[in-house]
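In: Need coordinates for the below:
(one chain, ligands or ions: 1)
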Amino acid sequence: MHETRFVIPPAQPAILAIDGTQLVFPVRRIWCVGRNYLEHVREMGQDERAPPFFFAKPADAIVAHDSVVAYPPQTADFQHEVELVVALKLGGRDIPVAAAARCIFGYAVGIDLTRRDLQLEARNLGRPWEAGKSFDDSAACGPLTRAETAGAMARGAITLRVNGRLRQSGDLGQMIWSVSEIISKLSELVSLAPGDVIMTGTPAGIGPLSPGDTVTCDIAGLNQLRITIAPAA
Ligand code: MN
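Out: Purely as a prediction, here's the structure:
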């Protein structure tokens, strides 16, 4: 039923494409996992025994495959983090690890785009991370592959190239928390719901992006994600 009481037009939901169909996946929230690969924990100089943790991006930060992304304002260190993205078709609270796979609609390749200088400043000052992590166009995400087609995604190569040069290379099997463990742990913090999307953390090799760069990301069994950083004006 059309809601007539809105005083301004409500925002349209952010969407993800789905491989092999014109249907689309509506995004409710974007959750992200920090420090889920040991080699990345080491390159960030963090405590190797500290467990991964969660932060969030707004749903409208989604950027589709083949997009041109503007170099964001207020940063001199715009960085890439390639990540496996999981999209949920079911939610709930306190989801057992063994029941988590049933909640998954599909998987995609994503980039947790980061204003690293602002993130580190916030971290060092004990401030929230939004300025570094949750800005416009900060969640690049390729088309979803349905879980039935993709399989368990427990292992497989994950790579990111900038202008064809390999920058990040890892394997999904290196994740500290598995996809099912992530869903279970996040559901202890919040009630998960259909449409929630989770970026599951980045392997080692994070680094800066420059205007004009083309970024290509691959995970075995999923569609490639490619974005271009807008050339300098
Ligand atoms: Mn990340």
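
In: Need the CA coordinates for the longest strand anywhere in the chain. CSV is fine.
Out: For the chain, the longest strand by residue count, based on DSSP state E, is strand 104-112. Taking Å, rounded to 0.1, in the frame of the first residue of the first chain, the C-alpha atoms of strand 104-112 are listed here in CSV:
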residue,chain,number,x,y,z
ILE,A,104,22.5,-16.8,3.4
PHE,A,105,21.0,-15.6,0.1
GLY,A,106,24.3,-15.3,-1.8
TYR,A,107,27.8,-14.0,-2.0
ALA,A,108,29.6,-11.2,-3.9
VAL,A,109,33.1,-9.6,-4.1
GLY,A,110,33.3,-6.2,-2.4
ILE,A,111,35.7,-3.5,-1.4
ASP,A,112,35.6,-1.8,2.0
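
In: chain center to that strand: distance?
Out: Strand 104-112 has its C-alpha centroid displaced from the chain centroid by 7 Å (Cα atoms, centre = their mean, to the nearest Å).

In: Just give the strands next to the next helix or strand after it in its sheet, each with its orientation.
Out: Per DSSP states H and E, strand 104-112 leads on to strand 114-115 as the next helix or strand towards the C-terminus. If you go by DSSP bridges, strand 114-115 pairs up with strand 78-80 (antiparallel).

In: So what sits opposite the residue in the chain that the ion sits nearest to in the bridge?
Out: The ion sits closest to D112 of the chain, with a gap of 3.4 Å, by Cβ to the ion. All C-beta spots, glycine's among them, are computed from the backbone N, C-alpha and C. When assigned by DSSP bridges, D112 has beta-bridge partners A139.

In: so what's it up against?
Out: Under the criterion of Cβ atoms under 8 Å, 6 or more residues apart in numbering, the contact list for D112 reads 32, 57, 81, 83, 133, 138-139, 199, 202.

In: Tell me the secondary structure of R102, please.
Out: When the structure is reduced to helix, strand and coil (DSSP: H, G, I helix; E, B strand; the rest coil), R102 reads as helix.

In: Was I right to think it contacts L90?
Out: Yes - applying Cβ atoms under 8 Å as the test, R102 and L90 come out as touching, 6.3 Å apart.

In: Quickly list what the one residue sitting closest to the centre of the chain is bridged to.
Out: Ranked by distance to the mean C-alpha position of the chain (Cα atoms, centre = their mean), the top residue is M199 at 3.2 Å. Here M199 sits in beta bridges with C32, V85, going by DSSP bridges.

In: can you pull the contacts of it?
Out: Listed by Cβ under 8 Å, 6+ apart, the contact set of M199 reads 30-33, 57, 83-85, 110, 112, 139.
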